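Peer 1: sequence-free structure coming up:
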């Protein structure tokens, strides 16, 4: 966006590891000898699941490739009506419902019209389009001639929707809902995006036992609905068109766009074999087949270079799925947990990614802490007689082992680094499932003293072991002055030390003597003149100055004006009413040699002194940290420079947004108590001076998104500052 990026939340589970020639590159420290023998290559893909209540395993879903949200059909118990829920495709969390798609009857297909930003649902009787920006129904068109087993494909290049059912086919204008043409018989359909031709496959009726039969017919219609060709096939289950590569996949056959047979899909070794093409990745040409076996249903990737499909290729047990090309993954619905009581409707939303990507079942774990985990939690082992587990790719963290009978991974990881490994469970001779795991093993240490003043002194010693030419002193009982001072201190190469209002604490005095700075800056009026006098008596050779102001905002502007007289390319802005956003912003600002300016976040607009201070800096970018700065203030800041607001749903996720923006990669991270500020005051200048991300956590655990962000950055050491988070390395407990 040109001015604002409001509430942009960094995806919490988008993890990136280095790839070289298609091989996952792991740091040498992580290449310990495997504790479990690696018996085969890693599986093609992996999945992440999330339980979906009030939805059954045949529920339809659609993925918006722009927002990466998944739209999932929900059906409440035995009620005849249903609704559509919204799930964040990156975090796999439900965020709400689509207001225009409530009280639906017989919803059978969903798709996203990207061009018109509409969610379109196909029910038993109508086609309904809802505006994704407002949730309001854009149009509704009666559709009664398609029959059962309805499917739908979007054709954004031609602004159309292609509908198919057991009785017929219809092509609809996506902008208005007007039916352009219809045809019979029906089946399943797909479209060549280049020419607009519609391909329809009509299978033979099921046999007496309800099982699909192989034969059927393929028809091709021009964009205007004229029937151009018809071809009898020996396999007509499912269809996927790859117009870029002149391919049509129907059942187990491969044809060109003129419907001439040119090959077949690979052989399948199971006792039963039905392959139904679902979609083609236009970037790679990989075809995704829905593969039916005697044990269940799986989605399987294939390219024409492969001779066969094996159980190891089956990625996930899914029904209909939707492809997200930008994220290079699909999201679909599946019953991966085994038999489900139909009266208690729930299933799983499955997000799957090819093996060339990472980020499936990922976690950050502390070295030296024993752990036990189930490798494949979503597999219902009670259904199978003798399931067997094996590591089929990669390497377990050193010190960990896999129990082949139970799938339990246990032990004490010893060596920091990033490890990936694939676990396959063989359920019977015909069915197996795999998952890829990533474990970021990190070393954990702590900087803490008996109180906030001692903790700050120890943080200063860590950051400046050889002393410093300057030191800042601010109140340890209130947070604004210390947070304003942190970036300035980092830029000048010194720490921020904390003081009582009337007296200099013993730990602070001792650290000043160790640092031997030639200059000390006392910030704010919360520290009285008696403290200034004690600093002067402690360091008689040092120059001691004060930065004062009538309010915390005056002090913040004064610090900025004093330390950044020639301006700055970037400026960080945060509310001065509460501490979390400002402390993380202060650390990021310090590492970027940028100032932090505190503002009264609840004000309707930015005041004159704030705007004057910003204009004097001539910044190119203003970073607003957190969501506690009003839209009016942000709009006013936009008159000075480009504004990015980095925020999240809470203080912990807002810190992630700031940290990942500033540090795409990081070897270390600091972690502090996000519920109270004293420890954070110690960590902010330390993090800024070492150019290290600073994360927040509640006292009892670390949010999953925080650990995921650390993993995505490649963190191998976590330093906890202060005593407010757990005890020892176990303080990294996920929540």
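Peer 2: Yes, it's here. Being a predicted model, the structure only gives us computed values, none of them experimental.
Peer 1: can you give me the strands in the stretch 451-600 of the chain?
Peer 2: Counting by DSSP state E, counting those that start in this stretch, the stretch 451-600 of the chain has strands at residues 470-475, 496-499, 519-523, 543-547, 570-575, 596-599.
Peer 1: what's the neighbour count on the closest residue to residue 145 other than its chain neighbours?
Peer 2: Sequence neighbours aside, residue 168 is the residue nearest to residue 145 in space, at 5.1 Å (criterion: Cβ to Cβ, 6 or more residues apart in numbering). Just so you know, the C-beta spots here come from the backbone N, C-alpha and C atoms, and that holds for glycine as well. Here the number of neighbours of residue 168 (other Cβ atoms under 10 Å) works out to 19.
Peer 1: tell me which residues in stretch 673-682 are buried?
Peer 2: Neighbour-count burial for stretch 673-682, counted by 16 or more other Cβ atoms under 10 Å, picks out 673, 674, 675, 677, 678, 679, 680, 681, 682.
Peer 1: Tell me where the model's unsure across the stretch 351-500 of the chain.
Peer 2: Scanning the stretch 351-500 of the chain with the threshold set as pLDDT under 70 gives 352-362, 375-385, 427-435.
Peer 1: Residue 725: which of the strands of the stretch 451-600 of the chain is closest?
Peer 2: In terms of Cβ to Cβ, the element of the strands of the stretch 451-600 of the chain nearest to residue 725 is strand 496-499, at 19.0 Å.
Peer 1: and of the strands of the stretch 451-600 of the chain, who's closest to residue 265?
Peer 2: strand 570-575 (53.6 Å).
Peer 1: For that closest one, what does the pLDDT average out to?
Peer 2: Averaging pLDDT along strand 570-575 gives 94.
Peer 1: Between the strands of the stretch 451-600 of the chain, which one is closest to residue 227.
Peer 2: Ranking the strands of the stretch 451-600 of the chain by proximity to residue 227 (Cβ to Cβ) places strand 570-575 first, at 61.7 Å.
Peer 1: Can you tell me the strand partners of the closest one and which way each runs?
Peer 2: Strand 570-575 pairs in its sheet with strand 596-599 (parallel), strand 621-625 (parallel), by DSSP bridges.
Peer 1: quick one, phi/psi of the residue nearest to residue 145?
Peer 2: For residue 168, the backbone dihedrals are phi -170, psi -180 (criterion: degrees, to the nearest 10).
Peer 1: show me the residues around it that make contact.
Peer 2: 145, 146, 147, 182, 183, 184, 185, 186 (Cβ atoms under 8 Å, 6 or more residues apart in numbering).
Peer 1: What's the ChimeraX syntax to select whichever of those are buried?
Peer 2: Filtering the contacts of residue 168 down to the buried ones (16+ other Cβ under 10 Å) takes a single ChimeraX command:
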select :146,147,182,183,186
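Peer 1: any idea how far residue 548 lies from residue 659?
Peer 2: Here residue 548 is placed at a distance of 32 Å from residue 659 (Cβ to Cβ, to the nearest Å).
Peer 1: same check, this time on residue 701
Peer 2: 18 Å.
Peer 1: and these two? which has more neighbours close in?
Peer 2: The residue with more neighbours, out of residue 701 and residue 659, is residue 659; 28 against 16, by other Cβ under 10 Å.
Peer 1: ok, that one touching residue 691?
Peer 2: No - using Cβ atoms under 8 Å, residue 659 makes no contact with residue 691, being 11.4 Å away.
Peer 1: if I look at residue 584, how far off is residue 96?
Peer 2: Distance from residue 584 to residue 96, by Cβ to Cβ: 27 Å.
Peer 1: neighbour count winner among the two?
Peer 2: The neighbour comparison of residue 584 against residue 96 (other Cβ under 10 Å) goes to residue 584, with 35 against 10.
Peer 1: give me every residue that touches the more buried one.
Peer 2: If you count contacts by Cβ under 8 Å, 6+ apart, residue 584 has them with 625, 654, 655, 658, 659, 684, 694, 695, 696.
Peer 1: quick one: the closest residue to it other than its chain neighbours from residue 287, how far?
Peer 2: Closest residue to residue 584 apart from its sequence neighbours, by Cβ to Cβ, 6+ apart: residue 655 at 4.3 Å. Plainly put, residue 655 is 42 Å away from residue 287 if you go by Cβ to Cβ.
Peer 1: tell me the secondary structure for residue 154?
Peer 2: Recorded secondary structure, residue 154: strand (DSSP: H, G, I helix; E, B strand; the rest coil).
Peer 1: Could you tell me what pLDDT the model assigned to it?
Peer 2: According to the prediction, residue 154 has pLDDT 92.
Peer 1: tell me, how many neighbours does it end up with?
Peer 2: Using other Cβ under 10 Å, residue 154 is surrounded by 22 other residues.
Peer 1: same check, this time on residue 642
Peer 2: 17.
Peer 1: Could I get the full set of helices for the stretch 451-600 of the chain?
Peer 2: For the stretch 451-600 of the chain, applying DSSP state H, counting those that start in this stretch gives helices covering 452-463, 480-492, 506-515, 529-538, 552-563, 580-591.
Peer 1: Residue 228: which element?
Peer 2: Counting by DSSP states H and E, the element that carries residue 228 is strand 227-233.
Peer 1: Show me what secondary structure element comes after that strand.
Peer 2: Sequence-wise, the next helix or strand downstream of strand 227-233 (DSSP H and E) is strand 239-242.
Peer 1: What strands line up against the helix or strand following that next one, and which way round?
Peer 2: Following strand 239-242 in sequence order, the next helix or strand is strand 247-250 (DSSP H and E). Strand 247-250 pairs in its sheet with strand 239-242 (antiparallel), strand 253-255 (antiparallel), by DSSP bridges.
Peer 1: which other residues reach strand 247-250?
Peer 2: 199, 201, 218, 233, 235-242, 254-257, 259, 262, 265, 277, 280, 285, 287.
Peer 1: Now do the end-to-end distance for stretch 687-703.
Peer 2: 20 Å (Cα to Cα, to the nearest Å).
Peer 1: before we move on, the earlier item: with respect to residue 523, which of the buried residues of stretch 673-682 is nearest?
Peer 2: Taking Cβ to Cβ as the measure, residue 523 lies nearest residue 681 of these, at 11.9 Å.
Peer 1: who touches that closest one in this structure?
Peer 2: Contact analysis of residue 681 by Cβ under 8 Å, 6+ apart lists 452, 456, 476, 479, 482, 483, 496, 498, 583.
Peer 1: how close does the last one get to residue 638?
Peer 2: Right, the one you point to is residue 583. Relative to residue 638, residue 583 is positioned 25 Å away (Cβ to Cβ).
Peer 1: neighbour-wise, which of those two wins?
Peer 2: Neighbour totals were compared for residue 583 and residue 638, and residue 583 leads with 29 against 15 (other Cβ under 10 Å).
Peer 1: Test my guess that that one contacts residue 682.
Peer 2: No - here residue 583 does not reach residue 682: they are 10.1 Å apart, not a contact under Cβ under 8 Å.
Peer 1: got any residues that touch both of these two?
Peer 2: Listed contacts common to residue 583 and residue 682 are residue 672; contacts here mean Cβ under 8 Å, 6+ apart.
Peer 1: Nearest residue to residue 96 in space, please, no chain neighbours.
Peer 2: Residue 96's closest residue in space is residue 86 (Cβ to Cβ, 6+ apart), at 5.1 Å.
Peer 1: coming back round to it: looking at the strands of the stretch 451-600 of the chain, spot the one closest to residue 511.
Peer 2: strand 496-499 (5.9 Å).
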